[in-house]
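# sequence first, then the predicted structure:
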Amino acid sequence: MYDKQALMVYNPFSGKQKKHKEFPMLINKLSDLGYHLTIYQPNELTHFNYLIKKACQQKWDAIFIAGGDGTINRTIQFVAEQEYRPNIGVFPFGTSNEFAKFIGIPLNIFDVVSIIESGFLRPVDIGKFGNRYFTNIAAAGWLTDITYETPPYLKSKIGELAYCLYFFKQFLMKKPLDTISIKVSSQVLSDLSLFIVMKGNSVGPINRLIEEKTSDDEAFHLITYKKTARIRLFCVLLSKMLNLTNDPSIIQHTKIKSADFIIPESLALNLDGELAKVNSTSFNVLPKHLKVFSSRSKK
């Protein structure tokens, strides 16, 4: 018997295709928990927006997302605008699943069902760039286009390894050309090759980009890389992957709740792995804007 209403946003093209064989069983498990599900594949944005608004205005119990970080990002664009926002459940069907890692969601989707059943909810901050939202990572500059430039067929075949292969291809073919500037309070960070704004402490294969695991003070981490020779910048990135000593003249870390970014038009903004067009490059944190099903409380 159904006593809860939920929207299931499902991307059948995300991640490795073999995992999608579990989707019918997932639906049955959630139905057993009492959820009446409306299933939608986010292809046509107008209808997608209508369904999100319906779920929010009618105060449905949950919005489940079975996909990767891109699917989560597309869903959040509509959810974040609403006054009432249903609880968010994430099933990691994607390639990297950065947001799922951050909130402590296991890769096994039936373990996630157990988390949904437990009902534990964690409030999370999200970021906003201009008119666009992101849950975990925003970036621009050299090599930050890898997540959306890597061919989907390659990701479906070999998963996260596809990003590594495309990284080396881009490293050999592209040089850091344009520069970025950031104004944080009265301080100006200039002559930057790339930046990353993040809530957690990992990006893809770099499992500990910074020492702190989470940011509990309603701030995001800002990691900046000074413009320098390509080989030297690559060595700095490699040292981060191997958890070696930082080069403070190249990489800097601070925390921000707001900032203004000056990004050349030739550079694109990456929000949660997706190419994003924004109406301004001002950044702000929206504290505790979402509640997500999670396996652990904030530390």
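It's in. Model, not experiment: these values are computed from the prediction. Residues are numbered from 1 along each chain as shown.
# helices along the chain, start to end?
Taking DSSP state H, the helices of the chain run over residues 23-32, 45-57, 69-79, 98-102, 109-118, 146-149, 152-158, 161-173, 230-241.
# which of the helices and strands in this structure ranks last by mean pLDDT?
helix 230-241 (a mean of 73; mean pLDDT, DSSP states H and E).
# and stretch 156-173, what's buried?
For stretch 156-173, the neighbour count (16 or more other C-beta atoms under 10 Å) marks 156, 160, 162-163, 166-167, 170-171 as buried. (C-beta placed from N, C-alpha, C; glycine too.)
# run through who's touching it.
Applying C-beta atoms under 8 Å, 6 or more residues apart in numbering, the external contacts of stretch 156-173 come out as 13, 15-17, 95-96, 143, 145-147, 149-151, 154-155, 204-205, 230, 234.
# thought K226 was touching S249?
Yes - counting by C-beta atoms under 8 Å, K226 does reach S249; the two are 6.8 Å apart.
# thinking again about what came up before, make JSON lines from the helices of the chain and add distance to K183 to it.
Shown next, in JSON lines, are those (distance: least, C-beta to C-beta, whole Å):
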{"stretch": "helix 23-32", "distance to K183": "45"}
{"stretch": "helix 45-57", "distance to K183": "33"}
{"stretch": "helix 69-79", "distance to K183": "25"}
{"stretch": "helix 98-102", "distance to K183": "27"}
{"stretch": "helix 109-118", "distance to K183": "40"}
{"stretch": "helix 146-149", "distance to K183": "26"}
{"stretch": "helix 152-158", "distance to K183": "36"}
{"stretch": "helix 161-173", "distance to K183": "28"}
{"stretch": "helix 230-241", "distance to K183": "23"}
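# of the ones you listed, which is nearest M198?
Of all these, helix 98-102 sits nearest to M198, with 8.7 Å by C-beta to C-beta.
# helices or strands next to the closest one in the packing?
helix 69-79, strand 87-92 (3 or more C-beta pairs under 8 Å, 6 or more residues apart in numbering; DSSP states H and E).
# what comes up buried for that helix?
Here helix 98-102 shows 98-102 as buried, counting by 16+ other C-beta under 10 Å.
# right, and I76 touches K128 too?
No - counting by C-beta under 8 Å, K128 is not a contact partner of I76; they are 10.3 Å apart.
# hang on, the earlier thing: output the buried residues of helix 98-102 in CSV; the columns should cover distance to F23 and pLDDT.
Converted to CSV, the buried residues of helix 98-102 look like this (distance: C-beta to C-beta, whole Å; pLDDT from 0 to 100):
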residue, distance to F23, pLDDT
E98, 21, 89
F99, 19, 93
A100, 16, 93
K101, 21, 89
F102, 23, 89
